[in-house]
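J.: Provided below are the primary sequence and the corresponding predicted coordinates.
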Amino acid sequence: MAPKTPPDEVAAAYNVWADVYDTQANATRDLDARTLQGQDPSLFQGDVLEIGCGTGKNTEWLAPRARGLLALDGSAEMLKRARERPGVERVQFLQHDLREPWPARNASHDTLTCNLVLEHIEDLAFVFSEASRVLRRGGFFFVCELHPFRQLQGKQAHFVNPETGSIQNVRSYLHDVSDYLKAALDAGLVLVRAQDCRDDGAPRTAAPRLLAMLWQKS
Ligand SMILES: C[S@@+](CC[C@H](N)C(=O)[O-])C[C@H]1O[C@@H](n2cnc3c(N)ncnc32)[C@H](O)[C@@H]1O
């Protein structure tokens, strides 16, 4: 059966970005890593599913902590870099479009993490319903995304295309805070914590760079 999603320009863009994702300056990527690593480490000790693992900057940190780690991404080139990282031999990497049903059984994971991915996916309801399906009762879903306040200032995922030298934006969608809350509530997830994350030293009046939220399946 043909997939219901259209051909993916996001994956095509990340296939190009992969070459320089880890080397070009990227304050959003770096703050996301610090935010993840600032969570309670016990969150990531069980069977973990990382959706949109990219080049594996978080996969490398999660791998030695998790009993099992499944890492999904739609971009073959991003996954290639992730597979080359040290210490990820036990990680199961799969190329998968997250807009299609996820390759994980019902109630098979203790924790899910999703970092800097949902700006590229229009249908939050589908993502949260899949998250709820694959989580065990009492399991956690951690999401850390570009803050909608920054999106409203015109910021979005972008990189300097190494082939053309020009700035390339990657297709993005705005998700308001209330969109996340509704999608999670409808999927049976209970909000445990929310964080507005600013750059170190940024004034209180600066728009937060990231929005991080932790839900639990009741
Ligand atoms: C900004 S990168 C973040 C990668 C990693 N999570 C990190 O924090 O560095 C976004 C990732 O989401 C993936 N992605 C975006 N839309 C996707 C989709 N529909 N299915 C699978 N992966 C997707 C991209 O391929 C890319 O690797």
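T.: Perfect, I can see it now.

J.: can you tell me what sits against stretch 164-181?
T.: Here stretch 164-181 makes contact (CB atoms under 8 Å, 6 or more residues apart in numbering) with 9-10, 13-14, 16-17, 118-122, 124, 143, 145, 148, 151-152, 156-161, 191, 211, 213. Backbone N, C-alpha and C define where each C-beta goes, glycine included.

J.: right, is it up against the ligand?
T.: No. Stretch 164-181 is not in contact with the ligand by CB under 6 Å from any ligand atom; minimum separation 7.8 Å.

J.: cool, stretch 136-149 as well?
T.: No. For stretch 136-149, no contact with the ligand is found by CB under 6 Å from any ligand atom; the gap never falls below 7.8 Å.

J.: need the contact list for the residue of the chain found nearest the ligand.
T.: Scanning the chain for the residue nearest the ligand gives Gly54, at 2.4 Å (criterion: CB to the nearest ligand atom). Applying CB under 8 Å, 6+ apart, we find Gly54 in contact with Tyr14, Tyr21, Asp73, Ser75, Met78, Arg81, Ala82, Leu116.

J.: can you do 6 Å?
T.: Contacts for Gly54 (CB atoms under 6 Å, 6 or more residues apart in numbering) come out as Met78.

J.: what's the answer for Met78, then?
T.: Met78 makes contact with Tyr14, Ala18, Gly54, Thr55, according to CB under 6 Å, 6+ apart.

J.: does the first one touch Ala76 like I think?
T.: It stands for Tyr14. No. Tyr14 is beyond contact range of Ala76, at 9.1 Å (criterion: CB atoms under 6 Å).

J.: more crowded one of those two?
T.: A count of neighbours by other CB atoms under 10 Å puts Tyr14 above the other of Tyr14 and Ala76, at 25 against 12.

J.: give me the three-state assignment for the more buried one.
T.: Put simply, Tyr14 is helix when judged by DSSP: H, G, I helix; E, B strand; the rest coil.

J.: so which residues on the protein come close to the ligand?
T.: Taking CB under 6 Å from any ligand atom as the contact definition, the chain meets the ligand at 10-11, 14, 29, 32, 52-54, 57-58, 73-75, 78, 97-99, 115-117, 120-121, 157.

J.: among the residues you listed, which ones are in helices?
T.: Judged by DSSP state H, helices contain the following of the residues of the chain next to the ligand: Val10, Ala11, Tyr14, Arg29, Asp32, Lys57, Asn58, Met78.

J.: restrict stretch 97-110 to CA atoms and write it as PDB.
T.: Output of stretch 97-110 as PDB, limited to C-alpha atoms (Å, rounded to 0.1, in the frame of the first residue of the first chain):
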ATOM      1  CA  ASP A  97       8.700   8.800   8.500                       C
ATOM      2  CA  LEU A  98       7.100   9.700  11.800                       C
ATOM      3  CA  ARG A  99       3.900  10.700  10.000                       C
ATOM      4  CA  GLU A 100       3.300   7.000   9.400                       C
ATOM      5  CA  PRO A 101       2.500   4.400  12.200                       C
ATOM      6  CA  TRP A 102       5.700   3.900  14.200                       C
ATOM      7  CA  PRO A 103       7.500   0.600  14.100                       C
ATOM      8  CA  ALA A 104       7.100  -0.200  17.800                       C
ATOM      9  CA  ARG A 105       4.600  -2.400  19.600                       C
ATOM     10  CA  ASN A 106       1.800  -1.100  21.900                       C
ATOM     11  CA  ALA A 107       3.100  -0.500  25.400                       C
ATOM     12  CA  SER A 108       6.700  -1.300  24.500                       C
ATOM     13  CA  HIS A 109       8.600   1.700  25.900                       C
ATOM     14  CA  ASP A 110       9.200   3.400  29.300                       C
END
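
J.: nothing else from me, thank you.
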